[in-house]
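S.K.: The sequence and its predicted three-dimensional model are supplied below.
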Amino acid sequence: MATAEQVQELVEAVQSLNMEVQNLNQEMQNLKMENTVFRQLVANREPRSTDLPPMPLSSGKFDGTSKHLKEFIEACNIQFAFSHTTYSTDFSKVGFVISNLTGNALAWANPLVTADESVLRDWRAFLEKFKQVFERTEIKYMACEELLEVHQGQMDPLSYITKFKLRRDCVLRRIPYL
């Protein structure tokens, strides 16, 4: 049989638990009211342009072709402007660009992703690196065109090497080749 002290301890424990249940019920009521207010705010909120879902790029996926680079970057910047909250971090911008790469461009990006490069968290650094690889500057283009025109043909190797070096130097210095 329980002693008076034990009964008193049990009564106090039940009263304490009863008080805790009352406090939890009050807290639950407060949370329900707060939830109702938030639901009304969300239901009455005006849609904003920054909440637009990601749209497919007008330029399509970028395959590494230099002549499409500027158009691709402009399409990405438009996407970032109209979905500002979605692309509010550098990491999300870089991730979007990489998700829209294919072919040689995707092959270039894969090692960056697997190596967990810091450039993935810095939009400007990523864009600079991206442009270095895929941007066709006019001098690079001219150099490629000029070098493709060099053929050994009937020349001896020494004459061919001299002609090649002369043409290369002219292209790099942007002076016309004679």
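M.R.: Nice, thanks for sending it over. Numbers count the residues shown, from 1 in each chain.

S.K.: Break the chain down into its structural domains.
M.R.: 51-134, 138-173 (automatic domain parsing).

S.K.: Now mean pLDDT and distance to residue 7 too, for these, in CSV please.
M.R.: For glycine as for every other residue, the C-beta is placed from the backbone atoms N, C-alpha and C. As requested, the domains of the chain are exported to CSV (pLDDT from 0 to 100; distance: least, CB to CB, whole Å):
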stretch, mean pLDDT, distance to residue 7
domain 51-134, 86, 61
domain 138-173, 69, 93
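
S.K.: Measure how buried residue 97 is and give me the count.
M.R.: 23 (other CB atoms under 10 Å).

S.K.: Which residue, other than its chain neighbours, is closest to it?
M.R.: In space, and not counting its chain neighbours, residue 97 is closest to residue 76: 5.7 Å by CB to CB, 6 or more residues apart in numbering.

S.K.: quick one: the residue nearest to residue 121 when sequence neighbours are not counted from residue 118, how far?
M.R.: Among residues not flanking residue 121 along the chain, residue 91 sits closest, at 5.1 Å (CB to CB, 6+ apart). Applying CB to CB, to the nearest Å, the value for residue 91 to residue 118 is 11 Å.

S.K.: Quick one: residues contacting the residue nearest to residue 97.
M.R.: By CB atoms under 8 Å, 6 or more residues apart in numbering, the contact set of residue 76 is 57, 93, 96-97, 100.

S.K.: Please work out the average pLDDT along the helix ranked longest in the chain.
M.R.: The single longest helix within the chain, with elements called by DSSP state H, is helix 4-44. Helix 4-44 shows a mean pLDDT of 87.
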